[in-house]
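> Let's see this in three dimensions:
(one chain, ligands or ions: 1)
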Amino acid sequence: MLRETPVSHVAGIGRAKEKALAELGIHSVFDLLHHFPVRYEDRSIRPFESFEDGAKVTARAVVEGQPRVRWHGGKRSVLSVPLRIDQRFRVTGMWFNQPYLSQKLTDGRMVLVHGKYDRDRNVIVVSHTDFSMSASDAVGAFVPVYRTGQGITSAQMQALIARALQQFGEAVDDVLPHAFLQKYRLVTHLEAIRLIHAPKSAEELRQAHRRLAFEEFFLFQLQLQWFRAQQHQVFEGVARVVPTDAFERFCASLPQPLTAAQVRACQAVAADMARPRAMARLLQGDVGSGKTWVAFWAAYATFRTGAQTALMAPTEILAEQHYHNAQERLVPLGMRVRLLTGSTPSSERTAVLQALANGGIDLLVGTHALLTEDVVLQNLGLVITDEQHRFGVSQRSLLRAKGHTPDVFMLTATPIPRTLALAVYGDLDVSVLDELPAGRRPVETRWLPMQKEEEALRLARRELARGRQVYVVAPLVEQSEQLADVQSAAQLADNLKDAFAGYTVGLLHGKMSTRDKEAVMRDFVAGNIHVLVSTTVIEVGIDVKAATVMLVYHAERFGLAQLHQLRGRVGRGSAQSYCILLSDAEGEVAKRRLQTLVETTDGFVIAERDLELRGPGEFLGVRQSGLPEFTVGDIARDFRIMEVAREEASRLLANHDFWLLPKFARLRAEIEKVPEQSYYRD
Ligand SMILES: Nc1ncnc2c1ncn2[C@@H]1O[C@H](COP(=O)(O)OP(=O)(O)OP(=O)(O)O)[C@@H](O)[C@H]1O
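Below you'll find the model as predicted:
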């Protein structure tokens, strides 16, 4: 019952730490144990002679001389300290924006430094400093790096997790049947957790990943296939035939013709409806390919069969966006459209509920709040979910509440390489939009080294002067003192205020409350914010036509698909748009990634390339791809595991024992579980 045990039960977690953990979404002991490292750093100490130019190195050093601090522009500083390594070698240690360390780095002091070695300048740019030389366990080839926040460092996180494991390890149970562990030679869940937090070798890490990925994929497949089985249960009399004039009328109401891909998807939807079973279709469309109109067609077709549609978006902003579009497109076709979200005022809400009860609404647009609230749709025929990677689940609760099985249409902006689609979705019905509407100008993508930042800013200013808007993306800060070379979004926003003097610069980051994030987004949509600086929380799907510049700092830190998604936020109107990738990428793979973006804007090509460029060695790129979100598993890298998981899930679901025997009770419960939705991604 570790999910119910508050994290404060772990020895050493007081109020302050509890609060810091809560900000990271860690409330229970379970959460803490499952807060996995985002990556690992090699901090084994090697001889100075083996240091390579540009590589991350770790050294035991002695301060030899006086530290010196230089200030730049009042806020930024560089601290230089003469160091001696391995008795014989002298280098300069450099610390960015940590002037206070000069007090500690006194002459003669021993210190462990970790950072990037620059041979020409004979400098180590230090990202991690350790004064407790006895902390031998902090020195190894696999030092975990955690996502952290205010009031907690990665090293503290590591220590807390180790303590939690000591205290509560016994209580960690295993959801996978024992037979699986034997058959696939998987370690137990507990062992996997131990290993992922403190691997001693690449092999141990591999074991942990393999086990956790299998578990994740297997549960995903169980849910997916169970959902699909339910959807496909044949029952009589629900074949709904869309009137023949409907499609023509719909098309005639659009300002532009549908693309061929959109037409195909619309036809598939109508065909699904005509069958005497519920539809379960996924619409995979590249960024900006026009999924919304296909979804609107599905809603209109449903309306013409006399039934209602619920459209669920992952955030309020996106729900509002859909609502406005629906008003423009569907109301003229005679549909009655309403919006219901968490911030709908209660009087309005009552009115909506009443209208629903009277059958006075044909399309209800909202967030997932639609499901949990006492919303009663009299004659629900279709549920559309936008960007729902973990599908099946909320629909089921909706269905249970409403007592019937509507069609389900899921939209996703994540192009999955064709080679992977089968492994992931099995025989789920999939429509693909692989064509952009005519007349779109492809986004012009440039890759510039960091030193050409000014050139990028100049372009952004030029666009602002034309009344356009700008997105700036800064990489997420894992731990400010550790990644001195990464500019946090807040710092970046601050710095950019001068560069964009005269314009309003807004800030959006993962640590803000949902409400605050939505408020900022809304201001940007309304044009009150001209430049939006953000971590990657900019929503998938947001459609601001006036935004024409996407500027990404440290682009090499993002996955290919993620960059493609970000780029998809611009180029949505008729004006020429620009995506500028600022990066001093080193290494062949990183360079090829960025080059791919410069060369193509086709999401499917990018997804394929992404797959190619991720060798099996690339273990740690959690959330790199932007493919359906898994914590550990990566469907590109681990697709063989996905295949096995899919087979096992289907075998198990077909087995009577699964539904009867107590040993499967735990798994049966998983099928019914509603996973938490994460609306904003970092
Ligand atoms: N056939 C078409 N011809 C011209 N414009 C279109 C067509 N279909 C859609 N559009 C327009 O293209 C823009 C993008 O469409 P939409 O918002 O549906 O994209 P999307 O597929 O949801 O992409 P994303 O996932 O990136 O948000 C919208 O402004 C929409 O009005």
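> from here on, contacts and neighbour counts on C-alpha atoms
Will do.
> isn't residue 303 right next to residue 309, touching?
Yes: the criterion here is C-alpha atoms under 8 Å, and residue 303 meets it with residue 309 at 7.5 Å.
> Quick check: closest non-adjacent residue to the closest residue to the ligand within the stretch 1-150 of the chain.
Residue nearest to the ligand within the stretch 1-150 of the chain: residue 38 (26.5 Å; C-alpha to the nearest ligand atom). With C-alpha to C-alpha, 6 or more residues apart in numbering as the criterion, residue 38 has its nearest non-adjacent residue at 5.5 Å, and that residue is residue 146.
> Which SSE is immediately downstream of the helix or strand bottoming out on mean pLDDT in the chain?
The weakest-scoring helix or strand in the chain, judged by mean pLDDT, DSSP states H and E, is helix 393-402 (a mean of 52). Toward the C-terminus, helix 393-402 is succeeded by strand 407-412 as the next helix or strand (DSSP states H and E).
> In PDB, list the C-alpha atoms belonging to that following strand.
Extracted in PDB, the C-alpha atoms of strand 407-412 (Å, rounded to 0.1, in the frame of the first residue of the first chain):
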ATOM      1  CA  ASP A 407     -18.100   5.300 -31.000                       C
ATOM      2  CA  VAL A 408     -14.600   6.400 -30.000                       C
ATOM      3  CA  PHE A 409     -12.400   8.500 -32.300                       C
ATOM      4  CA  MET A 410      -9.000   9.300 -31.000                       C
ATOM      5  CA  LEU A 411      -6.800  12.000 -32.400                       C
ATOM      6  CA  THR A 412      -3.000  12.100 -32.100                       C
END
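> hmm, stretch 282-289 touching the ligand?
Yes: judged by C-alpha under 6 Å from any ligand atom, stretch 282-289 comes into contact with the ligand at 285, 287-289.
> And that stretch, end to end?
15 Å (C-alpha to C-alpha, to the nearest Å).
> and residue 461, that's in a strand?
No: using DSSP: H, G, I helix; E, B strand; the rest coil, the assignment for residue 461 is helix, not a strand.
> And for it, the neighbour number?
21 (other C-alpha atoms under 10 Å).
> what does residue 662 give?
Residue 662, neighbours per other C-alpha under 10 Å, totals 11.
> Tell me how far the residue lying farthest from the centre of the chain lies from residue 49.
Outermost residue of the chain with respect to the C-alpha centroid, by C-alpha atoms, centre = their mean, is residue 88; its distance is 46.8 Å. From residue 88 across to residue 49, the span is 11 Å (C-alpha to C-alpha).
> circling back: give the contact list for the residue nearest to residue 38.
By C-alpha atoms under 8 Å, 6 or more residues apart in numbering, residue 146 lies in contact with 35-39, 154, 157-158, 478.
> quick one: which of those sit in helices?
Within the contacts of residue 146, residues falling in helices by DSSP state H are 154, 157-158.
> re earlier: please name the residues that touch the residue farthest from the centre of the chain.
For residue 88, the contact set (C-alpha under 8 Å, 6+ apart) is empty.
> So that it lines up with my notes, have the first residue be 46 from now on.
All set: I'll call the first residue 46, so the last point we hit is now residue 133.
> Can you pull the phi/psi pair for it?
The phi and psi values for residue 133, taken as degrees, to the nearest 10, are phi -110, psi -20.
> I'd assumed residue 162 was in a strand, is it?
Yes: the assignment for residue 162 is a strand, going by three-state DSSP.
> bridging residues for it?
residue 169 (DSSP bridges).
> Tell me the one of the ones in helices among the contacts of residue 191 nearest the ligand?
Distances from the ligand to the ones in helices among the contacts of residue 191, taken by C-alpha to the nearest ligand atom, are shortest for residue 199, at 34.5 Å.
> how many neighbours does the closest one have?
19.
> Ok, residue 544 next?
For residue 544, the count of nearby residues is 15 (other C-alpha under 10 Å).
> can you count the residues close to residue 496?
11.
> repeat for residue 259
The tally of other residues near residue 259 (other C-alpha under 10 Å) stands at 25.
> Let me know whether it touches residue 678 as I believe.
Yes: counting by C-alpha under 8 Å, residue 678 is a contact partner of residue 259 at 7.5 Å.
> Okay, helices next: where are they in the stretch 146-295 of the chain?
Taking DSSP state H, counting those that start in this stretch, the helices of the stretch 146-295 of the chain run over residues 199-213, 223-228, 234-242, 247-276, 291-298.
> got any ranges where the stretch 346-495 of the chain has weak pLDDT?
Judged by pLDDT under 70, the stretch 346-495 of the chain has its weakly predicted residues at 417-418, 432-449, 462-469, 471-472.
> Pull the contacting residues for residue 328.
So residue 328 contacts 310, 336, 454-457, 475-478 (C-alpha under 8 Å, 6+ apart).
> Around the ligand, pick out the residues from the chain.
Residues of the chain found near the ligand (C-alpha under 6 Å from any ligand atom) are 301-304, 330, 332-338, 458, 482, 586-587, 613, 617.
> circling back to that earlier point, which pair in the residues of stretch 327-334 next to the ligand has the greatest spatial separation?
Greatest spatial distance among these (C-alpha to C-alpha): 330 and 333, at 7.8 Å.
> So for those two, which sits in the more crowded spot?
The residue with more neighbours, out of residue 330 and residue 333, is residue 330; 26 against 22, by other C-alpha under 10 Å.
> Let me know the pLDDT of that one.
Looking at residue 330, its pLDDT reads 86.
> ok, so what distance separates it from residue 480?
When distance is defined by C-alpha to C-alpha, residue 330 is 9 Å away from residue 480.
> ditto for residue 687
28 Å.
> The two: which is more packed in?
Applying other C-alpha under 10 Å to residue 687 and residue 480 shows that residue 687 carries more neighbours, namely 28 against 17.
> If I follow the layout properly, the more buried one ends up in contact with residue 264?
No: Residue 687 lies out of contact with residue 264 (C-alpha under 8 Å); the separation is 10.6 Å.
> Now for residue 218, how many residues are close by?
Close neighbours of residue 218, defined as other C-alpha under 10 Å, add up to 12.
> what does residue 644 give?
For residue 644, the count of nearby residues is 12 (other C-alpha under 10 Å).
> try residue 165
Residue 165 is flanked by 8 other residues according to other C-alpha under 10 Å.
> Leaving out sequence neighbours, find the closest residue to it.
In this structure, residue 165 finds its nearest non-sequential neighbour in residue 98, 8.0 Å apart by C-alpha to C-alpha, 6+ apart.
> Also compute the angle for the helix or strand harbouring residue 65 relative to helix 199-213, please.
Secondary structure assigned from DSSP H and E places residue 65 in helix 60-68. Using axes from the mean of the first three to the mean of the last three C-alpha atoms, to 10 degrees, the inter-axis angle of helix 60-68 relative to helix 199-213 is 100 degrees.
> before we move on, back to that, using CSV, lay out the residues of stretch 327-334 next to the ligand together with secondary structure.
Converted to CSV, the residues of stretch 327-334 next to the ligand look like this (three-state DSSP):
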residue, secondary structure
330, strand
332, coil
333, coil
334, coil
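> Between those, which sits nearest residue 149?
The closest of these to residue 149 turns out to be residue 332 (C-alpha to C-alpha; 50.4 Å).
> in stretch 617-624, what counts as buried?
Judged by neighbour count (16 or more other C-alpha atoms under 10 Å), stretch 617-624 contains these buried residues: 617, 620-624.
> Which ones among those map onto strands?
Secondary structure assignment by DSSP state E places 623-624 of the buried residues of stretch 617-624 in strands.
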